[in-house]
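Asker: heads up, no residue letters with this:
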């Protein structure tokens, strides 16, 4: 008689939880269900960019990944032109990023979530489920929700975002904040200058204390104008440049304008505790400067799929999560720190670089190596080695 499946609850139905659930559906002896606190599964915010590296891990996690991306409307990302926005070299083009063989794909966040959730049976997707308690017991975990319902699973994985109920830690402000606005194309063109709209491309302006970005949506609206701190105060050293006044005018035209703090988990003691684990932003929230937050969540799913594919009993779940923590936490924290440092460079706050164009170019040349210089086969194999050592009692961690 076949053994009963290993039953896993995923708390959180955003991209991290959806990718993980889809990946674990590929493992025949896993039964997985997702619990989302909101009335529906939805994603808001900036478009998702999946670099070539992120696409590789998604294909390892979900075999139909490229079909999913196509259905989500993913399109190749245009290059981003980086320009100095303040100081004596204002207007100097630093470089064009993303002109390689695989520049990355960009898509709407909600569309990607819809397509990743698509193959998951509807009876495994639960909404209006706000977690209230999580109680580890002997070889199982009990979860309770605000509506009074209670369930028991072999394992619980928290994918419930930066302020995770499962994590039990608070994220730290990352010393950055951003404000995003949406304005008509012609209005942005008249305020910022027609020369920056000759091609439908993204511009990033590097300057003292701020980073300003503008892009063009498919319907020719401009999106994502970002700065740090109060616009007028922070932009004081930008006012002699080509776009600062226009950006301030466009931003202040918006009703109910707000700035939003960027958050990160600078360090985490562990991603695992018995048969409970955290993934995605719940484990390793990061600032957006290197565009790999979604990529890290996808890597989590890739590694967990490989680990769960190599066990057969709920008694081995603790070893899976320990191996996951051992191989994932160090990589994620390197990228968290790298992203924060990249933000400091983009905002002209790196003491050695400031707004020196040549130093800026040199610094960016190797900035993404900590993300892209990875062999995913070796990464998965390392996780399996940790798993085997834990199961055999030879744990080295």
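Answerer: Nice, I can see it. Just so you know, these numbers come straight off a predicted model, no measurement behind them.
Asker: which SSE is residue 306 in?
Answerer: helix 293-308 (DSSP states H and E).
Asker: helices or strands up against that helix?
Answerer: helix 15-24, strand 48-50, helix 52-61, helix 281-284, helix 317-346, helix 376-392 (3 or more CB pairs under 8 Å, 6 or more residues apart in numbering; DSSP states H and E). Where C-beta positions appear, they are placed from N, C-alpha and C, glycine not excepted.
Asker: Quick check: which of those is buried the most?
Answerer: Ranked by mean neighbour count, the helices and strands packed on helix 293-308 are led by helix 281-284 with a mean of 28 (mean count of other CB atoms under 10 Å).
Asker: Just name the shakiest helix or strand of this structure by mean pLDDT.
Answerer: Counting by mean pLDDT, DSSP states H and E, the weakest-scoring helix or strand in the chain turns out to be strand 221-223, with a mean of 51.
Asker: From residue 54, how far out is the residue nearest in space to the middle of the chain?
Answerer: Among the residues of the chain, residue 293 comes closest to the average C-alpha position under CA atoms, centre = their mean, at 2.0 Å. Computed as CB to CB, to the nearest Å, the residue 293 to residue 54 distance reads 10 Å.
Asker: can you map out the strands along the stretch 151-300 of the chain?
Answerer: 155-158, 172-178, 182-184, 202-207, 210-216, 221-223, 260-264, 272-273, 276-278 (DSSP state E, counting those that start in this stretch).
Asker: need these in TSV with distance to residue 248, can you?
Answerer: Output for the strands of the stretch 151-300 of the chain, formatted as TSV (distance: least, CB to CB, whole Å):
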stretch	distance to residue 248
strand 155-158	40
strand 172-178	15
strand 182-184	13
strand 202-207	13
strand 210-216	10
strand 221-223	15
strand 260-264	18
strand 272-273	47
strand 276-278	40
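Asker: To residue 393, which of those strands lies closest?
Answerer: Of all those, it is strand 272-273 that lies closest to residue 393, at 17.9 Å by CB to CB.
Asker: ok, that closest one: who's next to it in the sheet?
Answerer: strand 276-278 (antiparallel) (DSSP bridges).
Asker: mind listing what the residue nearest to the centre of the chain touches?
Answerer: Residues near residue 293 by CB atoms under 8 Å, 6 or more residues apart in numbering: 281, 285-286.
Asker: I'd like to know how far it sits from residue 167.
Answerer: Distance, residue 293 to residue 167, using CB to CB: 16 Å.
Asker: One more: residue 106?
Answerer: Residue 106 is 29 Å from residue 167, where distance means CB to CB.
Asker: cool, and residue 90?
Answerer: 43 Å.
Asker: repeat for residue 151
Answerer: Residue 151 is 20 Å from residue 167, by CB to CB.
Asker: repeat for residue 196
Answerer: Relative to residue 167, and taking CB to CB, residue 196 is found at 41 Å.
Asker: Show me which of the two is the more surrounded one.
Answerer: Ranked by neighbour count (other CB atoms under 10 Å), residue 196 and residue 167 place residue 167 first, with 21 against 18.
Asker: Which pLDDT value goes with the more buried one?
Answerer: The model reports residue 167 with a pLDDT of 81.
Asker: wait, it sits on residue 282?
Answerer: Yes - counting by CB atoms under 8 Å, residue 282 is a contact partner of residue 167 at 5.0 Å.
Asker: which neighbours do these two share?
Answerer: Joint contacts of residue 167 and residue 282 (CB under 8 Å, 6+ apart) are 158, 160.
Asker: picking that back up, which of the helices and strands packed on helix 293-308 comes out lowest on mean pLDDT?
Answerer: strand 48-50 (a mean of 91).
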